[in-house]
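Colleague: Dropping the sequence and predicted coords here.
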Amino acid sequence: MMKRKAGSLICALLLASVTVLGGCGSSGSGTAATKAAAATTAKAAAAATTAKAGVTTAKAGAATTKAAGASAAAKTNFTKKVFKVGLNNPETHPLCQGIKKFGEILSDKTGGQLSLDIYYNSQLGDKSTQLQSLQTGVLDMYMIMSGTLVDYGAKDLKVYTFPYLFDNLKHARAVQKSEVGQKLLDSIQKSGTKMVGLGTYQESGRNYFFTNKAVKSISDLKGMKIRCQEGSIYTETMQVFGASPVSISFSELYSALQTGIVDGAEQPLSGFYSNQYYEVCKNYLMDGHEISPNIVLFSEISWNKLKPEEQKVIKEAFDESVTYFNDLSDKSDAETLNKMKEKGVQIIEPSNPQEWRDAVKGIYTKYASEYQSTIDAIRAVKY
């Protein structure tokens, strides 16, 4: 009984199929109709596929046209330029990696029209040579500590050289984003240096390090020869500490430490390790006496040749690179401390941190009339 029902059902389904495809008639005419219907269905499917492919192709074509248009727009807005950049540190240094990232961002934003040609390790000369090249337009970009620029006319930046000015790194970075920070950056060009302050990278504090002596207190520094940066406050600070300040080119510092010309110097963690000072100096004092910015400069001559839209995109690209640098620098500091310990460097904390701050109060008093308002503005910045 079940077999008969199943057979009847199959027959019914077949009949319905023939009826739908061919309508009424003999089996021969039904087969022809079926073939015709199948052919019609195949043609319709093919047409639908072709139409769909056409839509996809049209979309792809539109996207290509849009991309080509954007590329053409980029080439229209920006003239092909390669900026020559001088840096003092090796390529592995976080500061140099920050500039490298800045170059990548700039190239991406301009379709490769604006790019950087970077020279590391003081390949283009010492600080004074590269700053002179910047002023004459031979060099387009350079990065330097703020204190050096004081002697080139940017007097307002002297405030950054005051020892123990900031509470910590977070405070210093907040100042760079503040109104007083921008005002100090703008003062570089306004003071007639023939240089433009593009922006800043803020590392962690600079610390003293020594070849043979584990310095923990100010009294330990007396009579020692310490290489310090150019600038009167650096010299005065060393004198307050009872040490002898020595002026030596950054490129010659390693050999000066190795041969005993100087007994110590100062660098942030990144500079100490990337320049391999751990090979000749085994004592690193975490006093954080200076947390001043590394200022990225543009030659005023080169800058004034740029179109407004080019200047704008350069500033935007640099600002974007700051976040990258901050993250890289912080991560690098943590890793560097461990590496220094592995190299046998003794990491020393001052026995009495307040002693160092108290010792330099006379420097603040001396320059109070000229810099007090700026100092107050810096210390008022929230972070």
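Modeller: Cool, got the structure. Residues are numbered from 1 along each chain as shown.
Colleague: The stretch 151-300 of the chain: strands as residue ranges?
Modeller: Assigned by DSSP state E, counting those that start in this stretch, the stretch 151-300 of the chain shows strands spanning 195-201, 206-210, 225-227, 244-246, 264-267, 283-290, 294-299.
Colleague: ok, and the closest non-adjacent residue to Ile378?
Modeller: Distance criterion Cβ to Cβ, 6 or more residues apart in numbering; nearest residue to Ile378, sequence neighbours excluded, is Val175 at 5.5 Å. For glycine as for every other residue, the C-beta is placed from the backbone atoms N, C-alpha and C.
Colleague: do the same with Leu306
Modeller: Ile314 (7.4 Å).
Colleague: so Trp303 sits right up against Val196, yeah?
Modeller: Yes: with contact defined as Cβ atoms under 8 Å, Trp303 reaches Val196; the gap is 4.7 Å.
Colleague: I'd like the distance between the residue nearest to Leu306 and Ile248.
Modeller: 34 Å (Cβ to Cβ, to the nearest Å).
Colleague: So for those two, which residue has more residues nearby?
Modeller: Neighbour totals were compared for Ile314 and Ile248, and Ile314 leads with 23 against 16 (other Cβ atoms under 10 Å).
Colleague: quick one, what contacts that one?
Modeller: Neighbouring residues of Ile314 by Cβ atoms under 8 Å, 6 or more residues apart in numbering: 106, 114, 198, 298, 306.
Colleague: so how far is Cys96 from Leu253?
Modeller: For Leu253, the distance to Cys96 (Cβ to Cβ) stands at 17 Å.
Colleague: my bad, Leu165
Modeller: Leu165 is 26 Å from Cys96, by Cβ to Cβ.
Colleague: How about Lys170?
Modeller: Taking Cβ to Cβ, one finds Lys170 at 23 Å from Cys96.
Colleague: out of those two, which sits in the more crowded spot?
Modeller: Cys96 (21 against 12).
Colleague: mind checking which helix or strand of the protein has the lowest mean pLDDT?
Modeller: Within the chain, no helix or strand scores below helix 2-22, which has a mean of 36 by mean pLDDT, DSSP states H and E.
Colleague: Just give the number of residues close to Gly153.
Modeller: By the criterion of other Cβ under 10 Å, Gly153 has 16 neighbours.
Colleague: should've said Leu285
Modeller: Using other Cβ under 10 Å, Leu285 has 24 neighbouring residues.
Colleague: can you check Gln276 too?
Modeller: For Gln276, using other Cβ under 10 Å, the count is 12.
Colleague: and the nearest residue to it once chain neighbours are set aside, how far is that from Gly86?
Modeller: Among residues not flanking Gln276 along the chain, Tyr254 sits closest, at 7.2 Å (Cβ to Cβ, 6+ apart). Counting by Cβ to Cβ, the separation of Tyr254 from Gly86 is 19 Å.
Colleague: So between those two, which is more surrounded?
Modeller: The residue with more neighbours, out of Tyr254 and Gly86, is Gly86; 26 against 16, by other Cβ under 10 Å.
Colleague: Hmm, that one is touching Leu139, no?
Modeller: Yes: between Gly86 and Leu139 there is a contact under Cβ under 8 Å: 5.4 Å.
Colleague: Quickly list what's touching both of the two.
Modeller: With Cβ under 8 Å, 6+ apart, Gly86 and Leu139 have common neighbours 124, 130, 133.
Colleague: Give me the neighbour count for Lys361.
Modeller: 12.
Colleague: should've said Glu335
Modeller: So Glu335, with other Cβ under 10 Å, has 12 neighbours.
Colleague: so what's it scoring on pLDDT?
Modeller: Note on Glu335: pLDDT of 96.
Colleague: Count the neighbours of Glu342 for me.
Modeller: Neighbourhood size, Glu342 [other Cβ under 10 Å]: 9.
Colleague: What residues does Gly103 make contact with?
Modeller: For Gly103, the residues meeting the contact criterion (Cβ under 8 Å, 6+ apart) are 85, 115-116, 118.
Colleague: Remind me which helix or strand it belongs to.
Modeller: helix 94-109 (DSSP states H and E).
Colleague: Quick check: next helix or strand after that helix?
Modeller: strand 114-119.
Colleague: Pull the residues that contact that next one.
Modeller: Against strand 114-119 from outside (Cβ under 8 Å, 6+ apart): 78, 80-87, 91, 96, 99-100, 102-103, 106-107, 141, 310, 313-314.
Colleague: Nothing else from me, thank you.
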